[in-house]
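[1] Pasting the sequence and the predicted coordinates here, then a few questions.
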Amino acid sequence: MKILVVEDDKTIATGLEYSLQQDGFSTILCHDVASAQKELSEGIEQITLCLFDLSLPDGSGYELCKLVKERRDIPVIFLTAIDDEVNVVMGLDMGADDYITKPFRIRELLSRIKSVLRRYQKPFQAKTIMDIGNVRINTMEGTVSKNGAEILLTALEYRLLLIFGNHIGQVLTRNQLLEQIWDVAGDFVNDNTLTVYIKRLREKLEDDPQSPTLIKTVRGLGYKVGD
C-alpha cells in the first residue's frame, strides 16, 4: 500500500515517512502543492491513501483533496494544527475521511489510517476454518485444537493467533502485531506483553516451544506462520 504524504515541515515529514515504512507502507513524500499535484497527475492509480497538511507554502490541502476526489475514490486524512481545527469541517465537506491534530502520537495516526482503509475495503467472506500445521482454528465456534484435542486460550492469545491465521506465509513485524491487537481489543498492548503472549502461544501449540515450527521468528523482521 502506497501513501502520499504532503507536509512542508521536513522534520515531521521525515518522521512520518520512517514510521509508515516501518509499519509496512511504501511512501511518496512531497513538501508543497506543486510537487503533490505532479505525483497525483502521474501516478494516482498507485496511491492507496493521502495524508495532507492543511497549510502548505504554495496552497492548501483543500485543493489537493478536491483534486484527489475528482479523480479517484481513495481516502484522504488531513494533518492540522490546533488553530486550523475549526476549518477542518470544510475539508470533510469536500470528501476528506478524517483529520488528526498536531502534535499527534504516531500510533494514533497509524490506527486512524488503518481504520479509514478498512472502510474502503470490499467485504469478503471470512474463513471459518484455518489450519496452521496440526493446529486448527474454528472461528464460528471460537475454538482452537491441536491434533483434534481442544486447546484453551485466553482472549488475547486467541486474537493474536487469529492475526497469524489471517496472514499465513507473511512476515509480520512486531509493530504490525501491536497495532492489530490494539485496534481489535481497544486496549494498549506494549512490546513486553506481546513477547509474553507469543511465548504462551508457543508453549500451548508447539511440539517443542524452544524450536518453534508454527510461529517462527524471522530474525530482524518479525514473525511468520506457515509457508
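    Thanks, I have it. As the structure is a computational prediction, the values presented were derived from the model and not from experiment.

[2] what's the domain layout of the chain?
    What automatic domain parsing lists as the domains of the chain is 2-120, 129-225.

[3] Which residues does stretch 12-20 contact?
    Applying C-beta atoms under 8 Å, 6 or more residues apart in numbering, the external contacts of stretch 12-20 come out as Ile3, Val5, Glu7, Thr27, Leu29, His31, Leu51, Leu79, Lys102, Ile106, Leu109, Leu110. C-beta: built from backbone N, CA, C; applies to glycine.

[4] Among those residues, name the ones in helices.
    Within those, residues falling in helices by DSSP state H are Ile106, Leu109, Leu110.

[5] how close does the spatially most central residue of the chain sit to Ser145?
    The residue lying closest to the centre of the chain (C-alpha atoms, centre = their mean) is Lys114, at 4.5 Å. For Lys114, the distance to Ser145 (C-beta to C-beta, to the nearest Å) stands at 30 Å.

[6] for the protein, what spans make up the strands?
    2-6, 26-30, 49-53, 55-56, 59-60, 76-80, 98-101, 129-132, 135-138, 143-146, 149-151, 171-172, 215-218, 222-225 (DSSP state E).

[7] Against which helices or strands is the third one packed?
    When you say that, I think you mean strand 49-53. Using 3 or more C-beta pairs under 8 Å, 6 or more residues apart in numbering; DSSP states H and E, the elements in contact with strand 49-53 are strand 2-6, helix 61-71, strand 76-80, helix 106-120.

[8] that older thread, what pLDDT does the residue nearest to the centre of the chain get?
    For Lys114, the pLDDT comes out at 88.

[9] same check, this time on the one 3 residues further on
    Looking at Leu117, its pLDDT reads 87.

[10] List the residues that contact Leu214.
    Taking C-beta under 8 Å, 6+ apart, we find Leu214 in contact with Ile132, Gly133, Val135, Arg202, Leu205, Glu206, Val225.

[11] meant to ask about Val144
    Counting by C-beta under 8 Å, 6+ apart, Val144 makes contact with Val135, Arg136, Ile137, Asn138, Glu150, Ile151, Leu153, Tyr158, Leu161, Leu205.

[12] which one of those residues is nearest Gln46?
    Proximity of the contacts of Val144 to Gln46 (C-beta to C-beta) peaks at Leu161, which lies at 33.6 Å.

[13] Tell me how many other residues crowd that closest one.
    Leu161 has 24 neighbours, counted by other C-beta atoms under 10 Å.

[14] and if you look at Glu108?
    Residues near Glu108, counting by other C-beta under 10 Å, number 10.

[15] ok, it touching Ile100?
    Yes: judged on C-beta atoms under 8 Å, Glu108 makes contact with Ile100 at a distance of 6.9 Å.

[16] Sketch out the low-pLDDT regions of this protein for me.
    Residues of the chain that meet the criterion pLDDT under 70 lie in 82-88, 122-127, 182-189, 227.

[17] give me that answer again for 80
    Scanning the chain for pLDDT under 80 picks out 81-94, 120-127, 179-191, 226-227.

[18] Spit out the contact partners of the closest residue to Ile168 other than its chain neighbours.
    The spatial neighbour of Ile168 that comes closest, neighbours along the chain excluded (C-beta to C-beta, 6 or more residues apart in numbering), is Gly226 at 3.7 Å. Applying C-beta under 8 Å, 6+ apart to Gly226 gives the contacts Ile132, Gly133, Ile168, Gly169.
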